[in-house]
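Novice: This is a predicted model, with the sequence first.
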Amino acid sequence: MKLLYHFSPGSLTNVYVLGPDEGGDALIVDPGVMDVPLLELIEQHRFYIRSVLITHEKEAHLRGINTLLRIYDAKLYAANPLVMQHQATPVANVKQFRASGFNVVPISLAGYWSDALIYRVENLLFVGEILSAGRTGETINTYANALLVADIQEKIFPLPPHTIMLPTEGPPSTIEVETKTNRDLMKSH
């Protein structure tokens with residue numbers, strides 16, 4: 001398994017590509033951009049994007065979808081069946097699904113936006129904006145924040161401590177680091 005990372009300075013977002021070591025069918029998470037450097041990175045590793053995981057339907061995370069779908073025959077996975085006028089497979093209520101040869105576990109958290117999902121693939125956790133190094137995502141009120149924090153503590157923190165969290169915005173982290181240092185989660189204790 002090979003994980004590629006691309007930062008988009010235009011939208012200030014991270015894009016992740018996951019595929020087999022030897023190349024082949026791959027998945028991409030939150031394609032906020034589909035520019036020449038990202039395309040070259042994908043092609044250099046001999047990947048073909050077959051799956052697109054959408055963590056949250058925010059324009060900054062989706063700007064590259066139209067271009068990506070002109071290049072690759074990819075299937076979209078999201079909380080909702082329609083993403084930017086494209087059909088998506090809704091996975092918010094499934095326990096697990098296969099995408100580009102990987103077992104993917106979608107995790108939804110109360111308190112955050114209804115279209116937001118976290119995806120777990122082995123020891124990787126694609127968290128979108130829900131959780132990032134040292135912070136939680138923004139919610140609409142304190143009640144929603146309390147629900148989000150409770151869900152993170154119940155559904156995310158029990159995962160192995162060395163699980164790698166890959167946010168759409170900000171640097172990566174691990175479960176272990178977040179349980180010890182995330183100020184937003186510590187405020188709730």
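Specialist: Everything's here; your move. Residues are numbered from 1 along each chain as shown.
Novice: Going along the chain, name the helices of the chain.
Specialist: In order along the chain, the chain carries the following helices (DSSP state H): 36-44, 59-62, 65-71, 142-151, 175-181, 183-186.
Novice: Let me see the mean pLDDT of the longest one.
Specialist: Pointing back at helix 142-151 there. Averaging the model's pLDDT scores along helix 142-151 yields 86.
Novice: now do the last one
Specialist: For helix 183-186, the mean per-residue pLDDT is 75.
Novice: Using CSV, write out every CA atom in that helix.
Specialist: Once non-C-alpha atoms are left out, helix 183-186 reads as follows in CSV (Å, rounded to 0.1, in the frame of the first residue of the first chain):
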residue,chain,number,x,y,z
ARG,A,183,-7.1,21.3,23.3
ASP,A,184,-10.6,21.2,21.9
LEU,A,185,-11.1,17.7,23.3
MET,A,186,-9.3,18.5,26.6
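Novice: Give me the contacts around it.
Specialist: Residues from elsewhere that reach helix 183-186, judged by C-beta atoms under 8 Å, 6 or more residues apart in numbering: 134-136, 149, 152-153, 178-179. Bear in mind the C-beta positions are built from the backbone N, C-alpha and C, glycine included.
Novice: Who wins on neighbours among those residues?
Specialist: Neighbours here mean other C-beta atoms under 10 Å. Within the contacts of helix 183-186, the largest count is held by Ile152, at 27 neighbours.
Novice: What distance do you get for that residue to Arg183?
Specialist: The gap separating Ile152 from Arg183 is 13 Å, by C-beta to C-beta, to the nearest Å.
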